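Novice: Fold the following and give me the result.
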Amino acid sequence: MPAPFRSPRAQRRLPVLRGLPCLWVTMAAVLAAAAPPAAAAEPKPVVVARGLVNPWALAFLPDGRMLVTEKPGRLRIVDARGRIGPALAGLPAVASVGQCGLLDVALDPKFADNRLVYWTFAEPGPGGNGTAVARARLEGEAGHERLADVRVIFSQQPKMDSRLHCGSRIAFDRAGNLWVGLGDRFSGKDSAQTLDNHIGKVVRITSGGGVPPDNPFVGRAGARPEVWSYGHRNVQGLAVHPATGELWASEHGPQGGDEINVVEAGRNYGWPLVTYGRNYGTGTAIGEEGPKPGIEMPLKHWVPVSVAPSGLAFVTSDRYPGWKGSLVVGTLRAQTLIRLTLDGRRVTGEEGLLAKLGHRIRDVRQGPDGWLYLVTDGSEGQIIRLEK
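Specialist: Purely as a prediction, here's the structure:
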């Protein structure tokens, strides 16, 4: 059968008309590829416990219950259903003034065998107060625990008449020694640059309070042998990198200049000589912004406004798709949870979460169940679990 007659004009249109379906498919594919991906849903905050008074830190017991500190000077056990137990007796006197009080808490890495618990607190004494570390053995059946053999194993020297910048966090190295972050007590900032004191330092001690022989300043005249690093302002977060064993820290700047650092033996972290922070009120420079030879610069800093970083945790669980390997940072002033993505020591991205929560986030811990747990500050403080 002969082909139907078509005008030259119609013949010229046919390829175009026949190509239209393919063209629309191709354009749709391009537009779909160019469109931004749908934002991942934030984790859902689930309140586990409420009614704590200025809680500062938590540590998980092997059975899933939590040891929780309250800044006024109480250490409590909170069960998985959120029931808050009575304060454990036997703590040394705590100077609960200003930013200071009962602070961090941690279990010995061999807790299952030795039942040892450690905590930091503002210790009163001649000259004022200073951050100290105490330890005790947790004895008794579940629900009826008590602290035994309580003793102070480290005391910051010198004590100062100050209500500010007490720090303080504990982290264990792979040998079972304790790193302890200490503040500059505000008025003692210049002492952060000298080694004859514990002001503005990270110290490293043994589980019994002794000095590890490989500390960087052991044997140096005029230096405190406990000192691990110096030039810190107010360390409020410590976490050990799960792969490298390195110590990571969050540190408060003044007006801006909050920092994330990897804290290495013998290194100077600059305060108050080198800082991105500014003087309160005036906004004038405190020191140089760096870099400067001999000074470690932060991996991450926040300017011009402080976020006030607090507790840190590395995400190692699979509970949060795409989060594994991230560093999460609680914040007080910003009242958010910040997630930092990392490539080695390089911060590759930042995500602010839980802005609608409206609480100062004091501590962040990954629980044995893989979920992240937050401690919120305030007279009605909460423990919150983040669920996906």
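Novice: in which helix or strand would I find residue 197?
Specialist: For residue 197, there is no helix or strand it lies in under DSSP states H and E.
Novice: residues near the residue nearest to it when sequence neighbours are not counted, how many?
Specialist: With sequence-adjacent residues excluded and distances taken as CB to CB, 6 or more residues apart in numbering, residue 197 is closest to residue 191, at 5.1 Å. For every residue, glycine as well, the C-beta is placed using N, CA and C. Using other CB atoms under 10 Å, the number of residues around residue 191 comes to 19.
Novice: again with residue 175
Specialist: 12.
Novice: nearest residue to it other than its sequence neighbours?
Specialist: Here the residue nearest residue 175, using CB to CB, 6+ apart, is residue 212, at 7.5 Å.
Novice: which stretches of the chain aren't confidently modelled?
Specialist: 1-40 (pLDDT under 70).
Novice: In three-state terms, label the most centrally placed residue in it for me.
Specialist: Closest residue to the average C-alpha location of the chain: residue 312 at 2.0 Å, with CA atoms, centre = their mean. The three-state label given to residue 312 by DSSP: H, G, I helix; E, B strand; the rest coil is strand.
Novice: Residue 213 looks like it's in a strand, true?
Specialist: No - using three-state DSSP, the assignment for residue 213 is coil, not a strand.
Novice: Please tell me how far it sits from residue 246.
Specialist: Computed as CB to CB, to the nearest Å, the residue 213 to residue 246 distance reads 20 Å.
Novice: Residue 307 too?
Specialist: 22 Å.
Novice: of these two, who's got more company?
Specialist: Set residue 307 next to residue 246 and count neighbours by other CB under 10 Å: residue 307 wins out with 21 against 14.
Novice: Pretty sure that one sits against residue 338.
Specialist: Yes - if you go by CB atoms under 8 Å, residue 307 and residue 338 touch, sitting 6.9 Å apart.
Novice: list the residues that contact both of the two?
Specialist: residue 331 (CB atoms under 8 Å, 6 or more residues apart in numbering).
Novice: Now do the longest strand along the chain: which elements does it pack against?
Specialist: The longest strand of the chain (DSSP state E) is strand 128-139. On a contact count with 3 or more CB pairs under 8 Å, 6 or more residues apart in numbering; DSSP states H and E, strand 128-139 meets strand 116-125, strand 146-155, strand 178-181.
Novice: Direction included, what does the helix or strand following the last one pair against?
Specialist: Once the chain leaves strand 178-181, the next helix or strand it forms, by DSSP H and E, is strand 201-205. Strand pairing for strand 201-205, using DSSP bridges, gives strand 178-181 (antiparallel), strand 227-230 (antiparallel).
Novice: List of residues touching the first one?
Specialist: Just to be clear, that refers to strand 178-181. Contacts for strand 178-181 (CB under 8 Å, 6+ apart): 106, 118, 120, 131, 133, 154, 167-173, 202-207, 228, 232, 235-238, 247, 249, 263.
Novice: Over to stretch 374-383?
Specialist: Counting by CB under 8 Å, 6+ apart, 45, 47-58, 66, 68, 70, 78, 82, 311, 330, 332, 337, 357, 359-365, 373, 384-386 sit against stretch 374-383.
Novice: Of those residues, keep whichever come out buried.
Specialist: 45, 48-49, 52, 54-58, 66, 68, 70, 78, 311, 330, 332, 337, 357, 359-365, 373, 384-386 (16 or more other CB atoms under 10 Å).
Novice: The helices and strands packed on strand 128-139 into a markdown table, with extra columns for mean neighbour count and distance to residue 316?
Specialist: Formatted as a markdown table, these follow (neighbours: other CB atoms under 10 Å; distance: least, CB to CB, whole Å):
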| stretch | mean neighbour count | distance to residue 316 |
| --- | --- | --- |
| strand 116-125 | 23 | 22 |
| strand 146-155 | 15 | 29 |
| strand 178-181 | 26 | 19 |
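Novice: before we move on, back to that, of all the strands paired with strand 201-205, which one comes closest to residue 87?
Specialist: strand 178-181 (23.4 Å; CB to CB).
Novice: ok now the closest one, how far from the chain's centre?
Specialist: How far strand 178-181 lies from its chain's middle: 13 Å, per CA atoms, centre = their mean, to the nearest Å.
Novice: One more: stretch 179-189?
Specialist: 17 Å.
Novice: Buried residues, that stretch. List them.
Specialist: 179-186, 188-189.
Novice: Between these, which sits nearest residue 89?
Specialist: residue 180 (24.3 Å).
Novice: Would you mind measuring from that closest one to residue 235?
Specialist: 9 Å.
Novice: What of residue 181?
Specialist: For residue 181 relative to residue 235 (CB to CB), the value is 3 Å.
Novice: intersection of neighbour lists for the two?
Specialist: What both residue 181 and residue 235 touch, as defined by CB under 8 Å, 6+ apart, is the set 167-169, 202, 249.
Novice: With respect to residue 325, which of the residues you listed is nearest?
Specialist: residue 249 (18.2 Å).
Novice: Give me the nearest residue to residue 123, chain neighbours excluded.
Specialist: Using CB to CB, 6+ apart, the closest residue to residue 123 is residue 132 (3.7 Å).
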